[in-house]
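Asker: fold the following and give me the result.
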Amino acid sequence: MAWKKSAPDYALPYMGKGMFVHVHSENSCYLYHRTSRRIDGRKNPLPVDRYLGIITRTEGFIPKARAVLDTTNIQVYEYGWSRTIQLIVPESWKRAAGKNWEDMLRMIIVEYSSNSYLKSEMTPALSPELTACVKTQKVSLFRRLKEEQKIANEDLEPLKEIYLLQFGKDSKVLSAIHSSQQDILNRLQIQLEVY
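Answerer: Prediction:
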């Protein structure tokens, strides 16, 4: 497979501004649309590619299939704030919190965001010593975030309105991210993705 700046002859009728192909075989290629977005503090814009479908020599353009989601069992969790804290937790705090830092971080996050997606990942029975350390570690975590990441917990509050929607067991999507929330994420150089 190779990336081509120019499309094969059979793909040319489907090409438009900002489009490019990824050649799959001599008889088919994938069609993408590329845009870019600027992030403060970065010299060059980041490319954003969107898959449109496949172009075959015999059938032409076949748009990507749209998935049908089961909407009978939807779970909604807070995701933006929780995931951001996970991504920006300072290494110095991890070292200070010790070998159980991940459990402690989950406890702190769930205490601040009771509907966090991490609530389902909580260890059922945590040791009393770990539970007793949570208050001091919580203060330490937010102090270090302010000192090292130059961001206070209050500044992250708008991210609590970014939700994870889970359809059944396998399908997960994020709610819309508003421009004020995206500004915070850009400042921290974070791109939220569902994993």
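Asker: how about the strands in the protein?
Answerer: Counting by DSSP state E, the chain has these strands, from start to end: 2-4, 19-25, 28-37, 46-56, 60-63, 74-78, 163-167, 171-174.
Asker: and among the ones you listed, the most buried is which?
Answerer: strand 163-167 (a mean of 18; mean count of other CB atoms under 10 Å). For the C-beta atoms, the positions are set from N, CA and C on the backbone; glycine is no exception.
Asker: can you spell out which helices and strands pack onto that strand?
Answerer: If you count contacts as 3 or more CB pairs under 8 Å, 6 or more residues apart in numbering; DSSP states H and E, strand 163-167 packs onto strand 74-78, strand 171-174.
Asker: how about the helices of the chain, start to end?
Answerer: 80-88, 91-97, 101-112, 128-144, 153-156, 179-187 (DSSP state H).
Asker: which strands and helices sit next to the fourth one?
Answerer: In terms of contact count using 3+ CB pairs under 8 Å, 6+ apart, helix 128-144 is assigned the packing partners helix 91-97, helix 101-112.
Asker: buried residues, it. List them.
Answerer: 130, 133-134, 137-138, 140-142, 144 (16 or more other CB atoms under 10 Å).
Asker: ok, residue 92 touching residue 145?
Answerer: No: judged on CB atoms under 8 Å, residue 92 makes no contact with residue 145 at a distance of 10.5 Å.
Asker: neighbour count winner among the two?
Answerer: residue 145 (20 against 12; other CB atoms under 10 Å).
Asker: so what's that one closest to, chain neighbours aside?
Answerer: Sequence neighbours aside, residue 151 is the residue nearest to residue 145 in space, at 6.0 Å (criterion: CB to CB, 6 or more residues apart in numbering).
Asker: tell me if I'm right that that neighbour and residue 187 touch.
Answerer: Yes: between residue 151 and residue 187 there is a contact under CB under 8 Å: 7.4 Å.
Asker: lowest-confidence helix or strand of the chain?
Answerer: Lowest mean confidence among the helices and strands of the chain (mean pLDDT, DSSP states H and E): strand 2-4, at a mean of 44.
Asker: with distance to residue 53 and mean pLDDT added, can I get the helices of the chain in TSV?
Answerer: Listed next are the helices of the chain as TSV, based on distance: least, CB to CB, whole Å; pLDDT from 0 to 100:
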stretch	distance to residue 53	mean pLDDT
helix 80-88	30	93
helix 91-97	43	90
helix 101-112	39	88
helix 128-144	45	82
helix 153-156	38	92
helix 179-187	27	92
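Asker: from residue 170, how far out is the residue nearest to residue 58 when sequence neighbours are not counted?
Answerer: In space, and not counting its chain neighbours, residue 58 is closest to residue 27: 7.2 Å by CB to CB, 6+ apart. Look at residue 27 and residue 170: by CB to CB, to the nearest Å, they are 32 Å apart.
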